[in-house]
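>>> Take a look and give me a structure for this.
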Amino acid sequence: MKAGRILIAVSVILMTGCAQLASVLQSTTNLPLTEEEVISGLKEALVTGAGNAARRLAAENGYYGDATIRIPLPDEAKIIVDNISRIPGGDQLVQDLILRINRAAEDAAREVAPIFVNSVRQMTIRDAFNILNGADNAATGYLKSTTYSELYNLYKPKIQASTEKKIVGNVSTSDSWIALTDRWNTLANSVAGKLAGFKPVNTDLDDFLTGKALNGVFVKVEIEELKIRKEVSARVSPILQRVFGSLDNK
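Numbers count the residues shown, from 1 in each chain. As a prediction, the model looks like this:
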């Protein structure tokens, strides 16, 4: 009988202890996020999202096979495309050029991740809280503002190498583009051109194409950011679950 009472007493103590432990765990889960947790979670989110985006872009057809970010020639290049298309095999030359440009972008994307990681390392506590409480693309905006110049310098030489390759008659796309735009801009800047409302065009083809390539980078980074913000399954670590879980009911 006495043993039974002892057993009951022990059971009560254990049950009470378990209840208290559960209470403590629950209260810990509901504690406000610390500065360390926020900055750690945001850094992990940025590295994860940017890394995923870079891997997808660097894969074969990462640019070329994705209609939303495939890099085209500028609209002003239509006259070049139309004229080249008149010669036998001309259409294929144009398609080969576009393929090469996109392949150059895919090659550059292999070197994107370290640039993003370096930016993330420099994130401040203020940056982290602004991102956490900002728009759904706030992290993407942060990366764009802190890495664009470096990414531009990475991509442009690779794009330029593609446009400088000779495609027909020992003339490159870059040569044709410069000749075309120089003639057009001379007209657009003349009195007659101004009266007609003509506008000069951007004569830097490589700048245009590089800008398009970088737009593709940040389109993909934004998609990855949105996944982490909105999809529980994309939060692949406890810190991501805790930091971004805090936003689920807001």
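>>> What mean pLDDT does stretch 159-176 get?
On average, the pLDDT along stretch 159-176 is 81.
>>> what comes up buried for it?
Buried residues in stretch 159-176, counted by 16 or more other Cβ atoms under 10 Å: 159, 160, 162, 163, 167, 168, 172, 173, 174, 176. C-beta coordinates here come from the backbone N, C-alpha and C atoms, glycine included.
>>> Kindly report the same for stretch 73-82.
Neighbour-count burial for stretch 73-82, counted by 16+ other Cβ under 10 Å, picks out 73, 76, 77, 80, 81.
>>> Now render these as JSON lines, adding distance to residue 94.
Compiled in JSON lines, those are given as follows (distance: Cβ to Cβ, whole Å):
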{"residue": "73", "distance to residue 94": "8"}
{"residue": "76", "distance to residue 94": "15"}
{"residue": "77", "distance to residue 94": "9"}
{"residue": "80", "distance to residue 94": "8"}
{"residue": "81", "distance to residue 94": "5"}
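>>> of the residues you listed, closest to residue 240?
residue 73 (40.2 Å; Cβ to Cβ).
>>> thinking again about what came up before, so which of the buried residues of stretch 159-176 are in helices?
In helices, defined here by DSSP state H, the members of the buried residues of stretch 159-176 are 159, 160, 162, 163, 173, 174, 176.
>>> Now distance to residue 117 too, for the residues you listed, in JSON lines please.
Shown next, in JSON lines, are these (distance: Cβ to Cβ, whole Å):
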{"residue": "159", "distance to residue 117": "23"}
{"residue": "160", "distance to residue 117": "26"}
{"residue": "162", "distance to residue 117": "27"}
{"residue": "163", "distance to residue 117": "30"}
{"residue": "173", "distance to residue 117": "34"}
{"residue": "174", "distance to residue 117": "33"}
{"residue": "176", "distance to residue 117": "39"}
